[in-house]
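Chemist: Coordinates for the following, if possible.
(chains A, B and C)
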Amino acid sequence: MPSKTRGVLPGFGLSLGITCTYLSLMVLLPLATVFVRTADLSWSAFWSTVTDPRVVASYRVTFGASFAAALVNTVFGLLVAWVLVRYQFPGRRLVDALVDLPFALPTAVAGISLTTLYASNGWIGGYLDPFGIKISYTWVGITVALIFIGLPFVVRTVQPVLDDLEVEVEEAAASLGAKRWQTFTRVVFPTVAPALLTGFALAFARAIGEYGSVVFISGNMPMKTEIVPLLIITKLEQYDYAGATSVALVMLIASFMLLLAINLLQWAARRRLAA
Amino acid sequence: MTSIALPTTTAPRAVTRATGESRLVRWTLIAMALAFLALTLVLPLALVFAQALSKGLPAYWEAIKEPDALSAAKLTLLIASIAVPLNLAFGVAAAWCITKFDFPGKHVLITLIDLPFAVSPVISGMIFVLLFGAHGWFGPWLLAHDIKIIFAVPGIVLATTFVTAPFVARELIPLMQEQGCEEEEAAIVLGAGGWQTFFRITLPNIKWGLLYGLILCNARAMGEFGAVSVVSGHIRGETNTLPLHVEILYNEYAFAASFAVASVLTLLALVTLALKSLVEWQQRRSSYHPADPEALPERIVA
Amino acid sequence: MSIEVRNLRKVFGDFVALDDVSLDVPGGELVALLGPSGSGKTTLLRIIAGLEPADRGSIHFHGEDATDQPVRERQVGFVFQHYALFRHMSVFENVAFGLRVRPRRVRPSAAEIRESVMSLLKLVQLDMLADRRPSELSGGQRQRVALARALAVKPKVLLLDEPFGALDAKVRKELRRWLRRLHEEVHVTSVFVTHDQEEALEVSDRVVIMNEGKVEQSGTPEEVYEQPATPFVYGFLGDVNLFHGRINEGRVKIGEGELEAPEWADARDQAGIAYVRTYDVELRRVRSGAFSLEAVVRQVRAFGAVVRLELDLVDGGGTIEAHIPRGRFDGLALGRGQTVYVSPTNVRVFAQ
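Modeler: Numbers count the residues shown, from 1 in each chain, chains lettered A, B, ... in the order given. Modelled structure (predicted):
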């Protein structure tokens, strides 16, 4: 490892100066407004805002659907990553590139497309409607949109770990008499588990803040299918800044805690690999 | 000593590698994965184009050529042309100080750079309303000086820049960390100055990663919806970006037109994916591990 | 151009990399910094180059203070351990880099650059590969490009960090001789870091042995090998046998035998270790002289000009190794399990 040499390479002051200034003005100062604005509120006013039944219902929708979507993505993300890393099949590289579509596609486009797809007269919704299954404008629809948004997070976190997994380790397990399934559950899975958990957390974190792809399919019924981000916008449009910032603060804290958890997870995974 | 039963060589059979699955399992897994991806990714993609062309090609052209759509496209390009270069400069500066130097608080800085990714787009827009909106911190002052930020172009630029701030830095930091400082040190020892070292040594080494970051940053800048919709005010022909225009048309039940505009954004996404694959391929091709002469690509000529 | 290093100290966190190191490199010499990993040799080299600042001490190039001179102005050639070739440039462009980045008024013309680069590439025998990328070269070729690149700026001193570390054994040996010949040709003051004793002894005019941030000994290869100044140098260079004993008034008692050690005339019953090179051991079939230890032959490896024997000392002093000439071995007619008497011919005693 080449050592870091302060003093030989130039530009430390300049680059650190630019970075800190930009970050402070562009990111930290704007974010600080949420905390400062909420601090203006009395505790009881804040508490009654964030525990209002409609707000609590929206937490339930957002966190519930996000959790369900992240769970689905964990299972299928692992499957997709496995298939992409381990097997050769025609079109593999195309499929690999396509996995990033949710990163590249504007969320509003995903939103209207999924809504139309799962509406009762849509390509998929049309088949489900006769059985009385509704997806668009329900809790399930929200989950479907969040699955779309979160998939690449799991695949792209697990993929490099699977890629790095030495074949020798699996061969060793096989030579010691392990069956293929045992090798997977006892050797492969424990190795990718931290990455899988990180992927889950990333997908979950992205899902709780998601707006564009969900707002079309959710139907936005207060108490039933209203997500937290939409509630914040509604409050803003009614010039209820205090209400909007209070709810936003709750979401920010949840996001930061998730970010912290993700960083800890990645740090732990690196330590485990280094040991 | 007990004898070990060896597999007979008389009956040739397909040898399954110790670490492979049987054909049946393999193809079942592939089929499941592809079916899942078709359902979640391919169908929505196909639907965009099918809906866009559902009223025929002339209607499609009409929807795209329409003045409001054109002005939305112009605004979207303008926003990206401001936000992307800003974040490029920031990303390069951040990656330089983080990867070339050791200083206390480095890990905190890396986490702070990622912060905009952790924040809901809606909140990203809201914070600028809190700062510059009519009831915001600087609201009264801005009003007195007749400067409009919220429900105007500057607000959209700010929100977009915030949301896309981490992209370039995030691509460059791991790449430059892996490349170390030796080549730059060698250049300095040979008498090169700071900018010479950056432009002649560092930049050529990170160009693909940089391009990759720019592509992702640009895609997000043009496609951002949540943050922009909070600060834009949806004024047709003035503060409508393409994604907002899609929303308005959709909410007015002009589905075909809405999908037509959406298809333009979808094409942009597909181009982004293609460029991204190309860049990844280039990156793999151009990287070699200088420490390990044995681990070279096949291109070595003896 | 000579290098004078005075009282250098460098600390990384709690780790003392260099502890009051002083060193003189006479102009035109090829000097090896030899030591185990963590001995501070690379740090010393990087401080001489100006890649790392020292906490204390000074560096002079030919009497001129260079301690605070930035690396760009020091005019040193530095060859990095993993070469640090610019991977996006051809071999030619790599070597030309140092000339091309000069300010316009001191920059040679394109033709001059071309000429000097090509003559350097000829010197390192790579003129045929000028248009290749570093990724298309073998390890040894890359090493030579790195050398040519460092020499292109006509450095006052050439510094090489483990120049052969990343190469396989055979290429290493070839390049070693080649570097020696190259040095005789260009005659620039050169310092290289290595952890390989054979490499240091074979290539350099002078060897500086370092351990735990200190210089243990500095001298010609013959001096450091034949007259090691410290126990560490004894152990680090060549094979050595250790005899534990007690020193008293100029005499060392080891097992049954006793040795003269005039340099320890003042010692009073002190623990000591006698160091004896494996080839400074006389073997006899009968006991003779004041210091003659009884041993049993445990293992014989009799191939080549030198026969290597492993001997178990009878009084429990452990196992020692003796290298004796083939002719002598044949005269003794020794075999496994037989008894011999061991008399060291050249002993160096250090207190413990």
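
Chemist: can you tell me which residues contact the nearest residue to A:D163 once chain neighbours are set aside?
Modeler: In space, and not counting its chain neighbours, A:D163 is closest to A:V85: 5.4 Å by Cβ to Cβ, 6 or more residues apart in numbering or on different chains. Every C-beta, even on glycine, is put in place using the N, C-alpha and C of the backbone. Going by Cβ atoms under 8 Å, 6 or more residues apart in numbering or on different chains, A:V85 touches A:159, A:162-163.

Chemist: And the pLDDT at A:V85?
Modeler: A:V85 carries a pLDDT value of 92.

Chemist: Okay, and it sits in which element?
Modeler: helix A:53-86 (DSSP states H and E).

Chemist: ditto for C:R6
Modeler: Per DSSP H and E, C:R6 falls inside strand C:3-12.

Chemist: which is the next helix or strand following that strand?
Modeler: Immediately after strand C:3-12, counting by DSSP H and E, sits strand C:15-25.

Chemist: Pairing partners for that following strand, with directions?
Modeler: The pairing partners recorded for strand C:15-25 under DSSP bridges are strand C:3-12 (antiparallel).

Chemist: Show me what counts as buried in the strand it pairs with.
Modeler: The neighbour-count check on strand C:3-12 (16 or more other Cβ atoms under 10 Å in any protein chain shown) flags C:3-5, C:8-10 as buried.

Chemist: roughly how far is it from the heart of the chain?
Modeler: Computed by Cα atoms, centre = their mean, to the nearest Å, the separation of strand C:3-12 from the middle of its chain amounts to 19 Å.

Chemist: what about the closest residue to A:Y211 other than its chain neighbours, how many neighbours?
Modeler: Closest residue to A:Y211 apart from its sequence neighbours, by Cβ to Cβ, 6+ apart: B:G226 at 3.7 Å. B:G226: 29 surrounding residues under other Cβ atoms under 10 Å in any protein chain shown.

Chemist: Next: A:G141.
Modeler: Here the count is done by other Cβ under 10 Å, and A:G141 has 25 residues near it.

Chemist: same question, the one 5 residues further on
Modeler: Other residues within reach of A:L146 by the criterion other Cβ under 10 Å amount to 29.

Chemist: Surely it is within a strand?
Modeler: No. Under DSSP: H, G, I helix; E, B strand; the rest coil, A:L146 falls outside any strand and is assigned helix.

Chemist: Which residues are in contact with the nearest residue to it once chain neighbours are set aside?
Modeler: Closest residue to A:L146 apart from its sequence neighbours, by Cβ to Cβ, 6+ apart: A:A69 at 3.5 Å. Counting by Cβ under 8 Å, 6+ apart, A:A69 touches A:143-144, A:146-147, A:149-150, A:203, A:207.

Chemist: Please apply the same query to C:L126.
Modeler: Counting by Cβ under 8 Å, 6+ apart, C:L126 makes contact with C:91, C:141, C:144-145, C:148.

Chemist: farthest-separated two in these?
Modeler: Greatest spatial distance among those (Cβ to Cβ): C:Q141 and C:A148, at 10.5 Å.

Chemist: Can you tell me how far the closest residue to chain B within the stretch 201-350 of chain C is from C:V21?
Modeler: Of all residues in the stretch 201-350 of chain C, C:G213 sits closest to chain B, at 20.9 Å by Cβ to the nearest Cβ. C:G213 sits 7 Å away from C:V21, going by Cβ to Cβ, to the nearest Å.

Chemist: again with A:V158
Modeler: 50 Å.
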